[in-house]
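> Sequence and predicted structure, then a few things I'm wondering about:
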Amino acid sequence: PRRAHKHAHHTHTYTLSRSEIQLTCYPGTTGQAGYVRHLDASGENTRLVTVIVYLNPEWTRQDGGCLRMHLEKERVDVVPSCNGFLIFRSDAIEHEVMPCTNTHKNRYAVSCWFSKTPLHTHTTQEDKTHTDSSSTTQGGQEAGATVVEGGGQ
């Protein structure tokens, strides 16, 4: 798939390629397992899209381990429910894994990062009048994130 990323004066066209897949387990045994606030893309890293799928049957907000997304005007906590998934811009949305507080459950997630490979850059008159819609807010939600909650096991 290709995505055009518009800036005030340039259109950048990228090819997205799967670059990494990771299975993560945050053990509930300590009641403190989590991950600090970060972006998935930084420095030389070319990640553009993050996809996370949750594998946690019967998980509730009280179990902890929510993914806290730091959006422009708000923060959103996503419960890692079984079969739920997130899609968001790796280079735009800071997030963190809150501590897993249920000492009898482990939190599992599969993360996949799609990296960008520039195909070409060009400037057109039309591009000069548009801005990137992925950095705007629509209805109080950051347009660069999609959340789908799981429907059970």
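Arrived safely.
> Please tell me how far Leu55 sits from Asn102.
Separation of Leu55 from Asn102 (C-beta to C-beta, to the nearest Å): 15 Å. Every residue, glycine included, has its C-beta placed from N, CA and C.
> Name the residue in those two with the higher neighbour count.
Leu55 (20 against 15; other C-beta atoms under 10 Å).
> quick one: contacts for the more buried one?
Neighbour list for Leu55: 82, 108-110 [criterion: C-beta atoms under 8 Å, 6 or more residues apart in numbering].
> quick one: which of the residues you listed sit in strands?
When DSSP state E defines the strands, the subset of the contacts of Leu55 inside them is 108-110.
> what's the closest of those residues to His70?
Comparing the ones in strands among the contacts of Leu55 against His70 with C-beta to C-beta picks out Ala109 as the nearest, at 18.1 Å.
> what's the neighbour count on the closest one?
Counted by other C-beta under 10 Å, the residues lying close to Ala109 total 21.
> tell me which residues form a beta bridge with it?
Using DSSP bridges, the bridge partners assigned to Ala109 are Thr24, Tyr54.
> Now do the contacts for Lys105.
Lys105 touches 28, 56, 59, 63, counting by C-beta under 8 Å, 6+ apart.
> How much space separates the closest residue to the third one other than its chain neighbours from Ala41?
Excluding the flanking residues, the one nearest Trp59 by C-beta to C-beta, 6 or more residues apart in numbering is Ser81, at 5.3 Å. Relative to Ala41, Ser81 is positioned 26 Å away (C-beta to C-beta).
> Would you agree Arg107 is in contact with Thr101?
No. Using C-beta atoms under 8 Å as the test, Arg107 is too far from Thr101 to be in contact (10.3 Å).
> okay, and the common contacts of these two?
Common neighbours of Arg107 and Thr101 are listed as 28, 63, 65 (criterion: C-beta under 8 Å, 6+ apart).
> mind checking the SS state of the closest residue to the second one other than its chain neighbours?
For Asp63, the nearest residue in space outside its immediate sequence neighbours is Asn102; the separation is 4.0 Å by C-beta to C-beta, 6+ apart. Judged by DSSP: H, G, I helix; E, B strand; the rest coil, the three-state class of Asn102 is coil.
> Could you pull up the residues touching the nearest residue to Val110 once chain neighbours are set aside?
Leaving aside its sequence neighbours, Val110 sits nearest to Val53 (C-beta to C-beta, 6+ apart; 4.7 Å). Under the criterion of C-beta under 8 Å, 6+ apart, the contact list for Val53 reads 83-85, 109-110, 112.
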